[in-house]
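**Student:** Fold the stuff below for me.
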Amino acid sequence: MTVGGALRSALGDMYRYSWRLLVVNSAVSAVVCVAVLVVSAFPLVLLVAPALAGPVAAALVYCVVVLIRDGSFELTDALDGLRRFWIQGFALGALFGAALLLGALAVTFYSSADHRAVPLAVLSVYVVAIVCLILLVAWPLAIGEPERGLAAALRSAWLLALHAPLRLFMLGAVLLVVNVAGAVTVLPFLTLTIAYSFLATARVVLPVPTLEEATT
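**Tutor:** Numbers count the residues shown, from 1 in each chain. Below you'll find the predicted structure:
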């Protein structure tokens, strides 16, 4: 599916299943908020918060996968996804947090008064953005095709980034704007930007089920 089509389809999904997605999305945001309150030290919180929220995010991604493949999902699917994929979620969350942590350290180091290497600081931001985008793509691949393993999902996400960089850049740019807008306009746990990001990404990377598959 094209990026534009995925973004429009994700909007339709959000409209039809807004309250269910809100419940699971809020659970992810709540874990992040608790982690931020408990581990207030920056930049350590950048690692801890995504890692702790990873299992709940895996439950959200599983709901997204079920929605795309079956046309609907129930809140019980979130519990099933948490039970089945919490390890994958923790691993992906930890990788995401590690990327944020290393990026923050690199930017702080290169932009400090002792170094003033602004080009390297900007390069660090770009590298972190690319890594986070690849990890975002790996989420639906890891949850949607668990038999292949997490390493295969990461490898597929990397190959997709190499083969269609402009496509993923467009997706990442739009989702960045959406999440920043959601973060600055209302309280994070009242937004649906996390769910929308996973929905749009899954629509792009997961194969569309055929009519025969949808009816079996």
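**Student:** how far away is residue 154 from residue 41?
**Tutor:** 29 Å (C-beta to C-beta, to the nearest Å). For the C-beta atoms, the positions are set from N, CA and C on the backbone; glycine is no exception.
**Student:** More neighbours: the two, which one.
**Tutor:** residue 154 (19 against 7; other C-beta atoms under 10 Å).
**Student:** Name the nearest residue to that one, sequence neighbours excluded.
**Tutor:** Here the nearest residue to residue 154 in space, its sequence neighbours aside, is residue 138; by C-beta to C-beta, 6 or more residues apart in numbering that works out to 5.0 Å.
**Student:** Burial check on the one you found, number of neighbours?
**Tutor:** When neighbours are counted by other C-beta under 10 Å, residue 138 registers 26.
**Student:** What of the one 3 residues further on?
**Tutor:** When neighbours are counted by other C-beta under 10 Å, residue 141 registers 24.
**Student:** Buried residues, stretch 119-135. List them.
**Tutor:** 121, 124, 128-135 (16 or more other C-beta atoms under 10 Å).
**Student:** Of those residues, just say which sits nearest to residue 6.
**Tutor:** The nearest member of the buried residues of stretch 119-135 to residue 6, counting by C-beta to C-beta, is residue 133 at 14.3 Å.
**Student:** name the helices or strands packed onto whichever strand or helix holds that closest one?
**Tutor:** For residue 133, the host element (DSSP states H and E) is helix 118-144. Using 3 or more C-beta pairs under 8 Å, 6 or more residues apart in numbering; DSSP states H and E, the elements in contact with helix 118-144 are helix 44-70, helix 75-110, helix 150-163, helix 165-185, helix 193-205.
**Student:** Out of those helices, which is the most enclosed?
**Tutor:** By mean neighbour count, with neighbours taken as mean count of other C-beta atoms under 10 Å, helix 193-205 ranks first of the helices and strands packed on helix 118-144 at a mean of 25.
**Student:** where's it relative to the chain centroid, distance-wise?
**Tutor:** With C-alpha atoms, centre = their mean, to the nearest Å as the basis, helix 193-205 stands 8 Å off its chain's centre.
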